[in-house]
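Chemist: Need the 3D shape of this:
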Amino acid sequence: MTQLSNRKGLQLFPDPTIKWRAYPSIIDGIERPPFVFDQGLWRGVLYLIVVAPNPGLRAYGIEMSCEIYSGIEEMIYSIADHGDKTTGRYDGGVYIKEAENSALLKAYAATDPVGRKPRHFSFVGSDYCYEVLGFSEPIIRAFSSPEEAYAWGPSRSEEKVN
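Modeler: Predicted structure coming up:
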């Protein structure tokens, strides 16, 4: 497996130093394995959709400030040695995880010119898994159906200004 490193040689993926903690949310308990879809990045905000597998009705939209994000094929993500074995799977309990410690947090904090404290989150899916580095908590909205969630996204959530 190829590893991703920064200029100083710090191994960013897989990250053997990462430590995750549960981040309780309304998504907790969603049926396994949920699907996660990238709805795009707009003005520094990433939009993700989390949908329960068929015939599930649960669907959520997540908005989060985003400096860096990655979508990794689930099989590669789940077998990578992240150092914290809870990274590559979702056990049906707490869905979102936040890194207490990671190589990505250290690398970004060392280069941020204003000294802000970044936050690193994990969103595990059955097809792709996403990790997001930003400066805020995820904003989560519940949808009444997967179809309503699919129609949501950055190009549809803001009116065009002429």
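Chemist: for the record, mean pLDDT for the strand or helix carrying Tyr130?
Modeler: Assessed by DSSP states H and E, Tyr130 sits inside strand 128-134. Averaged over strand 128-134, pLDDT sits at 91.
Chemist: Equivalent analysis for stretch 16-31, please.
Modeler: Confidence over stretch 16-31 (mean pLDDT, whole number) is 90.
Chemist: Ser136 and Cys66, how far apart?
Modeler: 9 Å (C-beta to C-beta, to the nearest Å). Any C-beta I mention is one placed from the backbone N, CA and C, and that applies to glycine too.
Chemist: and what of Val50?
Modeler: The gap separating Val50 from Cys66 is 16 Å, by C-beta to C-beta.
Chemist: Next: Ser122.
Modeler: Distance of Ser122 to Cys66, given as C-beta to C-beta: 14 Å.
Chemist: neighbour count winner among the two?
Modeler: Between Ser122 and Cys66, counting by other C-beta atoms under 10 Å, Ser122 is the more crowded of the two (24 against 20).
Chemist: Can you give me the buried ones in the top helix by length along the chain?
Modeler: Among the elements of the chain assigned as helix by DSSP state H, the one spanning the most residues is helix 103-111. Residues of helix 103-111 classed as buried: Ala103, Leu104, Leu105, Lys106, Ala107, Tyr108 (neighbour count, 16 or more other C-beta atoms under 10 Å).
Chemist: Check stretch 146-154 too.
Modeler: Neighbour counts over stretch 146-154 (16+ other C-beta under 10 Å) mark Pro146, Ala149, Trp152, Gly153 as buried.
Chemist: average model confidence for that stretch?
Modeler: 89.
Chemist: Now do the longest helix of the chain against strand 128-134: the angle between them, please.
Modeler: 30 degrees (axes from the mean of the first three to the mean of the last three C-alpha atoms, to 10 degrees).
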